[in-house]
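> Please work out how this folds:
(one chain, ligands or ions: 1)
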Amino acid sequence: MIPHHLLRELQKKISASDHPKELAVEVMYTLQSHYGYLSDEALIEGAELLGLAPLELEELATFYDFIYREPVGKYVIHVCDSTVCWMYGHQSIIDYISKKLCISLGETTGDGFFTLLPVCCIGFCDEAPVMLVNGKPYGHLTPEKIDRILEELKEEKPPAVEGR
Ligand code: FES
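Below you'll find the predicted structure:
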């Protein structure tokens, strides 16, 4: 259940908007930040606030790569899955991370640390192949660079890898 202060905050924003439905993505992100992902409960609560049917909000939620309808790990790795990164070996990057973490795309490691997902072009094509970790871009990926990033994340230190 949405805590009272958050409910008030969302209601205030929605009632101040001429077109509340335009706030759907913001509402979903806010609920996701609170719950850790957009649970069924959160989806229904969000739809109610926005005056939408849950299915309408579900359709929007599944359109956005960064709205999670299932629990995700502490670190969400989005590997770019678009044209330029394809040319620069995105599949070998996915294969390497999958093997290293023992998960496939769409899965989360047993320790809850990492989730591996694809994402459409994130605009760093000149640094392909690229991934995001919790929204932070890392480019010119190699197995060695991935090792360093993941090791530092596992140690719960912010990654100190130079450049993107
Ligand atoms: S195609 Fe990968 S960042 Fe643009």
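> List the contacts of the closest residue to residue 90 other than its chain neighbours.
Setting aside the residues directly before and after it, residue 90 is nearest to residue 129 in space (Cβ to Cβ, 6 or more residues apart in numbering), at 4.8 Å. The C-beta positions use only the backbone N, C-alpha and C, and glycine is treated the same way. Contacts were defined as Cβ atoms under 8 Å, 6 or more residues apart in numbering; by that measure residue 129 touches 79-80, 85, 88-90, 93, 139-141.
> quick one: residue 129 from residue 135, how far?
17 Å (Cβ to Cβ, to the nearest Å).
> likewise residue 74?
Distance of residue 74 to residue 135, given as Cβ to Cβ: 13 Å.
> Ok, residue 75 next?
To residue 135, residue 75 is 10 Å away according to Cβ to Cβ.
> Let me see the domain layout of this structure.
The chain breaks down into these domains under automatic domain parsing: 4-63, 75-154.
> how distant is the last one from the center of its chain?
Looking back up the chat, that one is domain 75-154. 12 Å (Cα atoms, centre = their mean, to the nearest Å).
> Now that domain: average pLDDT?
The average pLDDT within domain 75-154 is 96.
> quick check, it touching the ligand?
Yes - against the ligand, domain 75-154 shows contacts by Cβ under 6 Å from any ligand atom at 80, 82-85, 121-125, 128, 130.
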